[in-house]
Every structure is written in structure tokens, then in C-alpha cells.
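S.K.: how would this look folded up:
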Amino acid sequence: MSFEKLNLIKPIHRALTEEGYTIPTPIQSQAIPFILERKDLLGCAQTGTGKTAAFAVPILQILYKEKFERKHSQRSISALILTPTRELAMQISESFSAYGKYTELRNVVIFGGVPQKKQTDKLRNGAEILIATPGRLLDLMNQNYISLQHIKLFVLDEADRMLDMGFIHDVKKIIAKLPAKRQTLFFSATMPPEIVKLSNTILNDPVKIEVTPESPTVDAIKQGVYFVSKPNKKALLLHILKNEPISNALVFTRTKHGADIVTRFLNNAKIHAEAIHGNKSQNARQTALNNFKSKKTRILVATDIAARGIDVEGLSHVINFEIPNISETYIHRIGRTGRAGLSGTALSFCDHEERVYLKDINKLISTAIPVIEDNPFPMNKDDESTNHPAGNNSSGRSNAHEKNSSGLMKDKNNKRWYGRNKYKGKSNNYGRNKARTN
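M.R.: Have a look, this model is predicted:
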């Protein structure tokens, strides 16, 4: 199926063509027709599936048609997209601007961490689409800058991450202010009980779509794991970055403190790195992200929450400095590379205590991540039985993981390691012919 068969209006189809979109992803091909039919939708979709376009494109089309049916030209907020992080909010805004550049529809993005004046000025100028994080939205509602009385379309994006970040109560407050008659689109990568309960209360006979990218993710991304003791993780990371042709890498830590420690370590070793996490100001986070996208910075060190929604075209490597204790988070992390049919590399460093996390991840992706034996810092039996001081760990915790970014290491049988041993087939140019799919 091509985008031409989705009955999109010419202004949107023209913009998608210019953006390089050719074949819709599964969630786009399934969701767009139902949304255009004005049905509520429950989408279980992880990062890298193209879900932003899945809701942005039909919302633009609905509002565009309604715009010409209205007899007055006054702009009012008709669509609200609620998302957990500032970075994701900005990227969603960029997507709406790109897809809707020939529709004359405006969007405004609001988030905390920066002065509100520029945002409120844009609100005064009028817009049909509002992209917001919960805290700033409630703040501006309380100041009477924003009214939700005209909302016709409501999108709750990354609902499970809202729960993880403690925003669920703010979300409920916002939902209580929405008109009862509206179309609601609910997206979540996972469906814990509280999220299921919330979806049941706000959706009206929804269409349910589930898209799992585990198979294409494993197929498109070379994966490998090093078994290494905690004190040697930074040394192994440095060894790989200095000895392999890695143009750029996104390094994940579990904590903000850990991200700062790894960043300082790499900079002291003359490898330019910047950190992005919740303790950084919005300007600092955006500067770091822009530097990474423009390749001024080689290594970006991030926490999971800060990295949600980061979209860097052509990212070659993801390094899990600490493996997540939630298996699905592993998919979110490695989904930053290997997008839109491009190749990517994702590696992990596993100490003895983290083997249980690795086991869960292997179960989730239905294949064992190949172990890289060509390891200058192998973990021995003493490493497995000794509890090393927390100070040797980047996060100060007992559980840590690293992911190596080398795509050239070989296993003990001198064979190339990769993650394609289960899923075979051609990679599709889903969503667009570039590295970004949402």
C-alpha cells in the first residue's frame, strides 16, 4: 500500500511526498483510515513504528476540511496532543509543521523549563493544534491562557511513560476539562493495568491496533553483548570508541547522575560528549541535541525519559551503558538506530547481577543476543562473586549495563555477530526514505 491509497487530500500528500514518505508503516496504514472515520483508537505501538504520522496526518486532514466548512476565520484550539517530554513535544510539533505546511493550519507547542512568554504570545496569535506536556498545560490553563472547550480531537501519546514519570494525575485533571463529545486517540508502548483502566474510562468503543516492532527491530539492528565487571565498563567503552570507526553513538544510563559521570569520563578522555537528562535546562538539552544531530558532538549520553522521542537521522550506534530492568525499554533504546530500513548497531555490557535482565530481554525479542568473546575486559569468576563498590559504577547502583558500539567485533568462532539469526526478509522503506519514521 502507498500513501496515495489512503485518500489523503492533495496538500497533505504533497507535503508527505516532499518529506520522502512513500510507503506507510503498518500502524499508519491501519490507523489513518479509522481516524478519518472519526473513530476512537487504542494503539499499542512502540517507538520507531511511525505512530506520530499515524495520528498527525489524519488530524491535519480533518481540521483542514472543517476549516473550509466554517464560516468564520477565527482560530481556536481544536486538537490537543498530550505527550510526556519536551523533546517529544517539539518533534511532534515539527512533524505537524512538515505534514501540514500547505494546509495553513497552525500548531503551538508548550512545555516547561523555559519562560512562558514566547509560548503565550503564540497562543494569542491563534492555532488549531496544541502540543503540550502536562505540567505546562495545567499551568497555562490555570492562568486562563488556554481553554479546552473547543477540543474535538485529543491524543494521549506515550501513556505508559506518563505513568512512569508520575504525570498520570495531571493527565486525569486535563481529561476532566475536555468536552465529553470528542474523538480520542490513545497510544502506549505497553499496557500496564493502570493504563488499561485509564483507556477504558476515556475511549468510546475504540478500534484496537497493536503493532509490535520486535521482529523488524531485531532484523535491522546488529546486536551484541559483552560480559564485563562493573569496574571495567568505562574502560571497555573507551576502548571501543577509540578503536572502532564509530561516527556517532547514543549512550544510555539509568540515572541522571550516571549520565553526568559517563559524560565527564569521556570528555576527560578527549572524546566529545554531552549529556541530556531532566536536570538539564531546556536550552541545554536542546543545544546538546542539536549539536549531536549536526555531528558537532560525537557522543550523546541520555537517560531513558529524556531520550524518549529523540530522532536522529543516520544514528549508527546505540550503547546501553546500563541495561534496563524493564525489557520493553531495551526495544525503545535500540529503536533509535536501524530506522527506515537503514542498518544500525546496538551493544550491551552485562555484569553478573544483570544477567537476569538480559534473560528477560532475550525472551522478549525471542532470540539470544550474541555474546562477543573478543573482549579486552572479560568477566572472570572473581568478578561474578565479588560485590564491587558502587563508586565504580556510573550510576552508583548495583545494577548496570553497557552497550558496546562496535559493529566490527567477532565472536570466538571468528564469525560476524548480528541479530538476524531469527528474522529474515527484506527491510521495507516504511514511512519515508530517510532515517526518521515518526
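
S.K.: OK, contacts around the closest residue to Ala159 other than its chain neighbours?
M.R.: For Ala159, ignoring the flanking residues on the chain, the nearest one in space by C-beta to C-beta, 6 or more residues apart in numbering is Ser188 at 3.9 Å. (Each C-beta comes from the backbone N, C-alpha and C, glycine too.) Applying C-beta atoms under 8 Å, 6 or more residues apart in numbering to Ser188 gives the contacts 43-44, 158-160, 195, 199.

S.K.: let's see it at 10 Å
M.R.: 42-46, 156-163, 195-196, 198-199 (C-beta atoms under 10 Å, 6 or more residues apart in numbering).

S.K.: Show me which of these are buried.
M.R.: 42-46, 156-163, 195, 198-199 (16 or more other C-beta atoms under 10 Å).

S.K.: Among these, find the lowest-pLDDT one for me.
M.R.: Confidence by pLDDT is poorest for Gln46 among the buried ones among the contacts of Ser188, given 68.

S.K.: circling back: do you know how far the residue nearest to Ala159 is from Thr83?
M.R.: Between Ser188 and Thr83 the computed distance is 12 Å (C-beta to C-beta, to the nearest Å).

S.K.: Following the strand or helix carrying Ile35 in sequence, what is the next regular element?
M.R.: Assigned by DSSP states H and E, Ile35 falls within helix 26-36. Next helix or strand after helix 26-36 toward the C-terminus (DSSP H and E): strand 41-45.

S.K.: Format the CA atom coordinates belonging to that following strand as PDB.
M.R.: The C-alpha trace of strand 41-45 is given here as PDB (Å, rounded to 0.1, in the frame of the first residue of the first chain):
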ATOM      1  CA  LEU A  41      -8.400   4.400  18.700                       C
ATOM      2  CA  LEU A  42      -6.300   2.400  21.100                       C
ATOM      3  CA  GLY A  43      -2.900   1.900  19.700                       C
ATOM      4  CA  CYS A  44      -0.300  -0.300  21.300                       C
ATOM      5  CA  ALA A  45       2.800   0.800  19.400                       C
END
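
S.K.: tell me how far that strand is from the chain's mean position?
M.R.: 15 Å (C-alpha atoms, centre = their mean, to the nearest Å).

S.K.: now swap in stretch 265-285 and tell me
M.R.: Stretch 265-285 sits 19 Å away from the centroid of its parent chain (C-alpha atoms, centre = their mean).

S.K.: do the same with stretch 263-279
M.R.: Put simply, stretch 263-279 sits 21 Å off its chain's centre (C-alpha atoms, centre = their mean).

S.K.: mind checking how far Phe34 is from Phe349?
M.R.: Per C-beta to C-beta, Phe34 is found 42 Å from Phe349.

S.K.: who has more neighbours, these two?
M.R.: Per other C-beta atoms under 10 Å, whichever of Phe34 and Phe349 has more neighbours is Phe349, with 31 against 19.

S.K.: is it true that that one touches Ile369?
M.R.: No. In this structure Phe349 lies outside contact range of Ile369 using C-beta atoms under 10 Å: 11.7 Å.

S.K.: Just the closest of the buried ones among the contacts of Ser188 to Lys234, please.
M.R.: Arg161 (28.3 Å; C-beta to C-beta).

S.K.: pLDDT-wise, which helix or strand of this protein ranks last?
M.R.: Every helix and strand of the chain was ranked by mean pLDDT, DSSP states H and E. The lowest is strand 401-402, at a mean of 38.

S.K.: show me what contacts Glu209?
M.R.: Quick fix: residue 209 is Ile, not Glu. Ile209 makes contact with 26-27, 30-31, 34, 41-45, 51, 54, 187, according to C-beta under 10 Å, 6+ apart.

S.K.: chain center to the helix or strand encompassing Leu63: distance?
M.R.: For Leu63, the host element (DSSP H and E) is helix 51-69. Helix 51-69 sits 22 Å away from the centroid of its parent chain (C-alpha atoms, centre = their mean).

S.K.: Now do the helix or strand following it: which elements does it pack against?
M.R.: Using DSSP H and E, the helix or strand that follows helix 51-69 in sequence is strand 79-82. The contact analysis (3 or more C-beta pairs under 10 Å, 6 or more residues apart in numbering; DSSP states H and E) places strand 79-82 against helix 51-69, helix 86-99, strand 107-110, strand 129-132, helix 134-142, strand 153-156, helix 168-176, strand 183-188.

S.K.: Pull the distance from stretch 182-200 to the chain's centre.
M.R.: Stretch 182-200 sits 18 Å away from the centroid of its parent chain (C-alpha atoms, centre = their mean).

S.K.: Need the distance between the two termini of it.
M.R.: The first and last residues of stretch 182-200 sit 15 Å apart, counting by C-alpha to C-alpha, to the nearest Å.
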